[in-house]
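Asker: I'll drop the sequence and a predicted model, then ask my questions.
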Amino acid sequence: MVVRVQETGVDLEVELFGIPLRTPLIPASGTLSKEALDEVEGVYGAMLPKTTTPVARVGNPPPRVAETPAGMVNSIGLQNPGVERFLQDLEVFDLGIPLFVSVAGDTVAEFASLCEILSGVERISAVELNLSCPNVECGGLAFCAGASSVEELVVACRSIVGNKPILAKLTNEGVVENARAAEAAGADGLTVINTLPALTIDARTRKVLVRGGLSGPAIKPVALRAVYDVSGVVDVPVVGSGGVASGTDVAEFMLAGATAVQVGTTSFVRDPQEILAEFTAYLKESGLGASQLTGAVRSPDPGVPVPRPKPVHKSSRH
Amino acid sequence: MVVRVQETGVDLEVELFGIPLRTPLIPASGTLSKEALDEVEGVYGAMLPKTTTPVARVGNPPPRVAETPAGMVNSIGLQNPGVERFLQDLEVFDLGIPLFVSVAGDTVAEFASLCEILSGVERISAVELNLSCPNVECGGLAFCAGASSVEELVVACRSIVGNKPILAKLTNEGVVENARAAEAAGADGLTVINTLPALTIDARTRKVLVRGGLSGPAIKPVALRAVYDVSGVVDVPVVGSGGVASGTDVAEFMLAGATAVQVGTTSFVRDPQEILAEFTAYLKESGLGASQLTGAVRSPDPGVPVPRPKPVHKSSRH
Amino acid sequence: MKFYRVNVEEREALGSYTLLRYRWNGPVEPGQFVMARTAGYPITLDPFLARPFSFYDHDGGVASFLFEVRGRGTALLDAASSIEVTAPLGKRFRIELGLGRAALLGGGIGVAPLKILGRHLDAMGVPHDVFLGFADAAASVVAKDFPGAEVATMDGAVGTRGTVLNASGALTNYGAIYSCGPNSMLAAVKLAAGKNSLCQLSVEERMGCGNGSCNGCVVPVHGGYVRSCIEGPVFDAEVLAW
Amino acid sequence: MKFYRVNVEEREALGSYTLLRYRWNGPVEPGQFVMARTAGYPITLDPFLARPFSFYDHDGGVASFLFEVRGRGTALLDAASSIEVTAPLGKRFRIELGLGRAALLGGGIGVAPLKILGRHLDAMGVPHDVFLGFADAAASVVAKDFPGAEVATMDGAVGTRGTVLNASGALTNYGAIYSCGPNSMLAAVKLAAGKNSLCQLSVEERMGCGNGSCNGCVVPVHGGYVRSCIEGPVFDAEVLAW
Ligand SMILES: Cc1cc2nc3c(=O)[nH]c(=O)nc-3n(C[C@H](O)[C@H](O)[C@H](O)COP(=O)(O)OP(=O)(O)OC[C@H]3O[C@@H](n4cnc5c(N)ncnc54)[C@H](O)[C@@H]3O)c2cc1C
Ligand SMILES: Cc1cc2nc3c(=O)[nH]c(=O)nc-3n(C[C@H](O)[C@H](O)[C@H](O)COP(=O)(O)OP(=O)(O)OC[C@H]3O[C@@H](n4cnc5c(N)ncnc54)[C@H](O)[C@@H]3O)c2cc1C
Ligand SMILES: Cc1cc2nc3c(=O)[nH]c(=O)nc-3n(C[C@H](O)[C@H](O)[C@H](O)COP(=O)(O)O)c2cc1C
Ligand SMILES: Cc1cc2nc3c(=O)[nH]c(=O)nc-3n(C[C@H](O)[C@H](O)[C@H](O)COP(=O)(O)O)c2cc1C
Ligand code: FES
Ligand code: FES
């Protein structure tokens, strides 16, 4: 990371609940497989594999993905091999950067048991609670469907996970209230936001194509609003997620209040190296270090504007 | 409308709470000005001007609009000349089709007083309650922030508006619960959904650009989900709104459960005549009348697939 | 909003700016603008909104606008061979006879509508002086298309050093003042114009639709806001609450 | 996912299909696919996802895929002069020597990977018969590129009337069977193939990423689902829970 700063003259490092991240980028859980890891070398400040559950889940039947305007809807159903197998394979996700692990369960007890297991794995730096999954004890409503449910879950996990920081990952609905509840319950940070509930229809066959979660650039303004609003009412760091597609987007999330930023769907259609390069160029032009961006839109004096970058598109006169 | 059927061989007519609409399209409130009316001749089944309030509102300071991926964020602040002036000018919006009027107020009493005024205007066929606006009696939370608040408002309006049907226009957050509440309170139909809370940031100036509502194609999958879920739990008709950009989109909303469909933001960038033409072509290919589409994705036998339309794009071989 | 697909007849690089010509037969008035975008399928989602541009000129069935590449929309317009445009929109510069000499003040890309305005003034026999302010030499290249115009550049590379108002000097001797440029410059022109002349300013505000539907493009006037795409983009200076 | 911008070297209209060639020097194996899209700025939002296409052939540094225009993504690919592609993805058709004659069965646009597969079989000296099924004459034009292939069309306009299995007859005499086409056809081929031969099927499922990251493209196998972009798109028939 020192190397990087020397290379580019730009300070990309941020600190997330005391953990230094060499860049503020983190892969969004469920969007980076082990097969794609070699493509992302040097991009991320922390690793975050797909959500793990107490036992293996086969996931939902296909079709699981559908394209939408500037986004996609997915319904994967948390397909994963279960925590035991996950930990056996954990090594492949060890890129020498902090390793965060996302967990989900059907009940508070399942979340807690996952946290207990992970608390004993030294290599894991932090745990992200995927609160968007349904709570079978509450009629299938998501854990983040209400502040009290968020609080109960975070309290249970906090007490058992030892000294590992907890990131509570929230959905958009009720995000401000839930953020307050999660912070009060001891969350060390908040990931904001997960996908938006959505549905696609195939007008030709007149059938539902995919009922699931919307992600991608389409949701960026919704996620930015959530990050801005949440970071305005909590003291713990906020990790932005939702539609990040460029280096400018990374800057926007940080300016809105994020300490780190997750890249999800866009990594399917773009080399995340490009996103980091753009973000680095933005910092260079602005003369700021990455960590100085966090929450800067709230500053009464936002400083000198960044010069408009020269457009990439070359004119073809005729 | 009989003429139209004969012209195209396609039955575009739908019935919304007993009112026949010659097409299922309605302009979304706040997206069609009197200056643009001559462009939309023949497109819409009902007219629906911008929300009116008891007294004039100057609206928010600029910038009020910002482009986002496949959408835009607006913060107009319900700028309008107030109901008195609105009614004086109502004539320009009389295109010989049913005329719906959208209302909003700061309090339940203001909504009720608007309904009372409109109840006396014969030319008005139905009233849409814009429930997304803040309720000053509840600390500025929107009227649709809770089911009880929705219920209170709809009950008050229902009792005073006479025999005019009421459309309750809901936001996405809590939409299913609020839909149930609105129906129980006597709403004759539900408009689903309004814009999504969103925010845009200008990374160059490091300032918030617009904090407001996201609309346009980006939100279509979210709106489709809301229409599908709501129409599954209520008996009153649902009017779809959110990201409609093509004739196929109109079909998707109707298949998901909508009886009629509003066109908003896309009318800024596209001639709505084209949307109607595409929808007409879709019906022709499917061999169905418009009204047969409503909720058809729930049918166990969705019928013969519509042939894939030939792509518009012409190949330029080289 | 109805868009018409037109072919780009010619695209001319003028320093920092590009002049784009397309065939358009209907009337075009000085001060009017057009919403333009690259042709889509059937619409483009990226960018989603069309962009407003003042008419630079309209001559023999060919309309033109002059633009600066700033972001995605203008970058695409700088490359496309086929674009989509609306019919001309908004209120024109009002020309009144018998007011004496007119001053035309353009700042940066805001010089664009002064070309067609100057031609109309000439046609109507209104004597006028043109003052153009630019950031630097590259932006000022278009000045060659305004014979006799006084030029200022912020860096002094061409003409007077400073703003367009440094080039023009006092404006109080003019009977009519027309200006287009950044809103901050227009406010300065309004001040310099005083109250005794016709002063018409073409403003610039973010637009959603261009046809009055969204209420997005408002400017402050005394007692509220009005839409610059319908009531403007040309306003009498005294109307604007700046 | 990393995309490479390549120029379209040639685009050939083959009845209902288009054959697109671009320069690609790395290895391409039969059965592999590519994610492709038109070049963006820096990405396209419309369409947002790239589209998967089987390699049709790869020869002398030129790769090709054959496609049918179905929606927006393929329509744009049918017109662009510059496209973006990933490196070749997924598992190849496995060729085993000593199994005797092979049958290659393609349905519709699913004939695509049989071209490069046939060439590899030839190169390895594996004798094989090719059977191609199409909807109609326009779709069957590409058959001319498969000399000696038996053709079937649903409407009987060219070759046998019916499906590719009507053209092939019983498959039990073949030691190896390779097939690509709609999943319903593949299920029929699996059934017809029986259990005694090598039977490899290239499946088609909607994809998000193409590099294993999204878990979107799964097909049912015994005990769950696997990703067709990583564990496939070519599967041994017995693996698939169809
Ligand atoms: C009435 C009017 C006349 C104009 N005439 C000209 C002209 O003749 N030549 C010219 O080069 N420019 C003109 N502009 C400004 C021009 O519209 C913007 O430069 C252009 O929209 C930028 O688009 P972009 O995609 O390149 O930039 P981006 O920054 O990527 O645009 C993002 C969004 O912001 C809007 N936006 C960004 N900057 C401006 C701006 N300065 N004014 C209004 N909207 C903006 C865009 O329209 C778009 O919706 C005019 C603006 C108005 C309102
Ligand atoms: C491994 C694999 C290999 C393929 N090889 C070929 C080939 O060689 N030639 C060819 O013409 N087609 C092939 N297909 C199908 C091709 O990917 C689709 O026809 C194409 O994605 C349609 O895109 P569109 O934008 O034109 O259609 P749209 O319907 O507008 O696409 C909308 C979305 O649905 C997806 N989609 C639509 N139809 C299909 C489909 N049948 N399969 C997978 N995704 C679909 C698209 O990728 C896109 O995400 C292959 C598919 C897979 C999975
Ligand atoms: C295919 C796919 C799978 C996902 N799986 C998970 C998951 O397992 N756990 C989780 O917390 N979020 C999951 N997400 C949500 C993402 O982590 C991310 O929060 C969301 O997609 C918004 O960000 P984006 O727009 O950058 O993708 C998934 C998203 C996608 C698109
Ligand atoms: C510029 C603008 C102004 C709007 N004004 C109103 C309004 O006054 N009342 C209202 O109920 N909805 C208003 N809306 C919301 C629209 O009616 C519509 O519900 C929403 O934009 C989603 O549909 P769309 O994506 O088709 O635009 C407005 C939307 C926009 C973009
Ligand atoms: S741009 Fe929409 S009202 Fe002016
Ligand atoms: S397409 Fe994403 S895992 Fe296969």
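Answerer: Now that the structure is in, tell me what you want to look at. Ligands and ions are numbered 1, 2, ... in the order given.

Asker: For chain C, which residues are neighbours of ligand 5?
Answerer: C:207-210, C:212-217, C:227, C:229 (CB under 6 Å from any ligand atom). (Each C-beta comes from the backbone N, C-alpha and C, glycine too.)

Asker: Where strands are concerned, which of these count?
Answerer: Among the residues of chain C next to ligand 5, the members falling in strands are C:R227 (criterion: DSSP state E).

Asker: Kindly write the PyMOL command that selects the buried subset of the residues of chain C next to ligand 5.
Answerer: The PyMOL selection below is limited to those of those classed as buried (16 or more other CB atoms under 10 Å in any protein chain shown):
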select buried, chain C and resi 207+208+209+210+212+213+214+215+216+217+227+229
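
Asker: tell me which element the closest residue to A:T195 other than its chain neighbours falls in.
Answerer: In space, and not counting its chain neighbours, A:T195 is closest to A:G213: 2.6 Å by CB to CB, 6 or more residues apart in numbering or on different chains. Assigned by DSSP states H and E, A:G213 belongs to strand A:207-215.

Asker: so after that strand, what's the next helix or strand?
Answerer: Past strand A:207-215, the next helix or strand by DSSP H and E is helix A:220-231.

Asker: which residues touch the following helix or strand past that next one?
Answerer: As assigned by DSSP H and E, the chain's next helix or strand after helix A:220-231 is strand A:238-241. With contacts defined as CB atoms under 8 Å, 6 or more residues apart in numbering or on different chains, strand A:238-241 is touched by A:16, A:26, A:28, A:167, A:169, A:179, A:189-194, A:223-224, A:227, A:230-231, A:253-254, A:256-262, A:264.

Asker: Just the buried positions in strand A:238-241, please.
Answerer: Buried, per 16+ other CB under 10 Å, within strand A:238-241: A:238-241.

Asker: near ligand 2, which residues of chain A?
Answerer: Going by CB under 6 Å from any ligand atom, the residues of chain A near ligand 2 are A:E67.

Asker: any low-confidence regions in chain A?
Answerer: Chain A contains residues with pLDDT under 70 at A:1-8, A:302-303, A:307-318.

Asker: Can you list the residue ranges for helices in it?
Answerer: A:2-8, A:83-88, A:108-119, A:147-160, A:175-184, A:220-231, A:247-256, A:266-269, A:272-286 (DSSP state H).

Asker: And for chain C?
Answerer: With DSSP H as the criterion, chain C has helices at C:72-77, C:112-123, C:137-140, C:164-168, C:183-193.

Asker: D:D236 is nearest to which of those helices?
Answerer: Of all the helices of chain C, it is helix C:72-77 that lies closest to D:D236, at 46.9 Å by CB to CB.

Asker: The closest one close to ligand 1?
Answerer: Yes. Using CB under 6 Å from any ligand atom, helix C:72-77 reaches ligand 1 at C:72-74.

Asker: That helix and chain D, any residue contact?
Answerer: Yes. Contact of helix C:72-77 with chain D (CB under 8 Å from any CB of the partner chain) involves C:72, C:75-76.

Asker: Check which helices and strands that helix is in contact with.
Answerer: Packing partners of helix C:72-77 (3 or more CB pairs under 8 Å, 6 or more residues apart in numbering or on different chains; DSSP states H and E): strand C:33-38, strand C:51-54, strand C:62-68.

Asker: so what does the longest one touch, helix or strand wise?
Answerer: Which is strand C:62-68. Looks like strand C:62-68 contacts strand C:17-23, strand C:33-38, strand C:51-54, strand C:57-59, helix C:72-77, helix C:112-123 (3+ CB pairs under 8 Å, 6+ apart).

Asker: and chain C, which residues reach chain A?
Answerer: Residues of chain C that fall close to chain A, judged by CB under 8 Å from any CB: C:8, C:10-13, C:18, C:45-46, C:69-72, C:74-76, C:78-79, C:81.

Asker: rerun at 10 Å
Answerer: Contact residues, chain C versus chain A (CB under 10 Å from any CB of the partner chain): C:8-13, C:18, C:45-46, C:48, C:68-72, C:74-81.

Asker: quick one on the thing from earlier: nearest to D:A135, out of the helices of chain C?
Answerer: Nearest to D:A135 among the helices of chain C is helix C:72-77 (37.6 Å), distances taken as CB to CB.

Asker: State the pair within the residues of chain C next to ligand 5 that is farthest apart.
Answerer: Greatest spacing in the residues of chain C next to ligand 5, by CB to CB: C:G210 and C:N215 (12.1 Å).

Asker: For those two, list the residues in contact with both.
Answerer: Taking CB atoms under 10 Å, 6 or more residues apart in numbering or on different chains as the criterion, C:G210 and C:N215 both touch C:227, C:229-230.

Asker: Counting by contacts, list what the longest strand anywhere in chain C packs against.
Answerer: With secondary structure taken from DSSP E, chain C has its longest strand at strand C:4-14. Here strand C:4-14 touches strand C:17-23, strand C:62-68, strand C:82-85, helix C:137-140, going by 3 or more CB pairs under 10 Å, 6 or more residues apart in numbering or on different chains; DSSP states H and E.
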